[in-house]
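> A predicted structure for the sequence below; I have some questions about it.
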Amino acid sequence: MDVLLDARKRAEAAVEDMSDPDLRRTAFQVILKHLLEQSSAATDSNTRAVARPPALLRERNSKDPEQDVGLPRSAAERILALRDQGFFEGGRGIGEIRDELQAHGWMYALTAISGPLMKLVRQRQLRRMIFGEGKKKNFKYFNP
């Protein structure tokens, strides 16, 4: 029960400065889901600590532009930050990538990340494979 309470408090803290109530609610749900998934994965591997995102993915705490150095700004940079975190180890679909970006507070539509994903594939920063049969085909993105 402590894990649930901790995850809820962390999710609330992550969205407390959002002014739009609909965006706040959606971001809270995505972040809480992500934190609970992380805690269950940590529990499954006999680890008690809840995994935290690396410093590169943490939100900034002030408006000081000097603290912005090194933070990913574009969709492609943010996707690469996820890659560096090990997110693409098992292959991920575009919907999973969008959900993970949202868990970090970066809201993108699927259509907004498809272009940066293709660019990263062409630059060999990521690779992709087609899965599915017939008319329904899905792409999964992997580490190169």
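It's in.
> count the neighbours of L82 for me.
The tally of other residues near L82 (other CB atoms under 10 Å) stands at 23. Every C-beta, even on glycine, is put in place using the N, C-alpha and C of the backbone.
> which residues touch it?
Residues counted as contacts of L82 (CB atoms under 8 Å, 6 or more residues apart in numbering) are 57, 88, 97, 100-101.
> how about the helix or strand hosting it: buried residues?
Assigned by DSSP states H and E, L82 belongs to helix 75-85. Neighbour counts over helix 75-85 (16 or more other CB atoms under 10 Å) mark 75-76, 78-83 as buried.
> farthest-separated two in the residues you listed?
Farthest apart among the buried residues of helix 75-85 by CB to CB are A75 and R83. That separation is 12.7 Å.
> what lies in contact with whatever helix or strand comes next after the helix holding L82?
Using DSSP H and E, the helix or strand that follows helix 75-85 towards the C-terminus is helix 94-103. Residues outside helix 94-103 that contact it (CB under 8 Å, 6+ apart): 26-27, 30-31, 33-34, 75, 78-79, 82, 87, 92, 107-110, 113-114, 117, 139, 141.
> can you classify the residue of the chain positioned farthest from its centre as helix, strand or coil?
Relative to the centre of the chain, the most outlying C-alpha is that of G134, 30.2 Å out, by CA atoms, centre = their mean. Recorded secondary structure, G134: coil (DSSP: H, G, I helix; E, B strand; the rest coil).
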